[in-house]
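Participant: take a look and give me a structure for this.
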Amino acid sequence: MGDIEAPENNRSRQSIIQSLLPSKEFITSRKGLLLLGEVVMSFISFVCFAASAAASFVTAPLIEFLAALFLLFAYSTKFNERFKGFYWPLMDFLRCVSASIIFFIISIISVSKYVDGASKAAGLFGFITTIFFALDFYFIFNELANFLKGGDSSAEPPNTQDDDSDSDSD
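Facilitator: Alright, predicted model coming up:
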């Protein structure tokens with residue numbers, strides 16, 4: 001009667017929700033796993049810093065959480081392919097380098113200066129988050145270096161000699 005929804009309306013809601021979620025192919029890729037790790041660890045660091053005496057450092061994990069969440073959404077929905085003016089890997093590289101440096105610094109300060117347990121936990125999770133960002137910028141750097149070299153260095157060079165040919169000349 002009035003409360004029962006039509007099945008078509010329910011399917012359209014499910015398709016809208018599924019379009020907002022990251023694709024399984026991207027999430028299972030190396031980049032997807034790293035971005036997912038960055039999002040989760042940045043959020044955990046944000047919560048720990050918010051609960052600690054080192055609450056003045058809460059802004060950095062929040063900004064990095066939002067940036068990683070945006071890039072996770074952009075890469076998984078191929079939103080980045082619509083904007084050809086930006087070189088997305090370079091922007092992602094700069095984000096990862098700055099995040100790893102900032103997380104490393106605030107983690108050292110949090111662990112060494114503050115004595116409460118939440119600050120120590122925030123520092124520990126900050127160090128783990130630093131590792132995620134450092135791994136990400138390492139992989140992005142390798143991709144950028146291969147791009148700037150003009151090719152893919154992981155591919156083997158083509159064999160110019162036939163396997164059946166005899167290398168001895170008479």
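
Participant: going forward, measure contacts and count neighbours with C-alpha atoms only.
Facilitator: Noted.

Participant: contacts only, for the closest residue to V58 other than its chain neighbours.
Facilitator: Nearest residue to V58, sequence neighbours excluded (C-alpha to C-alpha, 6 or more residues apart in numbering): F49, at 5.3 Å. By C-alpha atoms under 8 Å, 6 or more residues apart in numbering, F49 lies in contact with 55-58, 118-119, 122.

Participant: secondary structure element for the residue nearest the centre of the chain?
Facilitator: In the chain, the residue lying closest to the centroid (C-alpha atoms, centre = their mean) is L35, at 2.3 Å. Using DSSP states H and E, L35 maps to helix 30-51.

Participant: I'd like the next helix or strand past that helix.
Facilitator: Next along from helix 30-51, by DSSP H and E: helix 59-76.

Participant: buried ones in that next one?
Facilitator: Neighbour counts over helix 59-76 (16 or more other C-alpha atoms under 10 Å) mark 60-62, 64-65, 67-69, 71-73, 75-76 as buried.

Participant: with stretch 90-109 instead?
Facilitator: Under the neighbour-count criterion of 16+ other C-alpha under 10 Å, stretch 90-109 has 92-93, 95-97, 99-100, 102-104, 106-107, 109 buried.

Participant: mind putting the residues you listed into a markdown table with distance to G85?
Facilitator: Listed next are the buried residues of stretch 90-109 as a markdown table, based on distance: C-alpha to C-alpha, whole Å:
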| residue | distance to G85 |
| --- | --- |
| D92 | 14 |
| F93 | 16 |
| R95 | 17 |
| C96 | 20 |
| V97 | 22 |
| A99 | 23 |
| S100 | 26 |
| I102 | 27 |
| F103 | 29 |
| F104 | 31 |
| I106 | 33 |
| S107 | 35 |
| I109 | 38 |
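
Participant: go through the chain and flag its longest helix.
Facilitator: Assignment by DSSP state H gives helix 117-149 as the longest helix of the chain.
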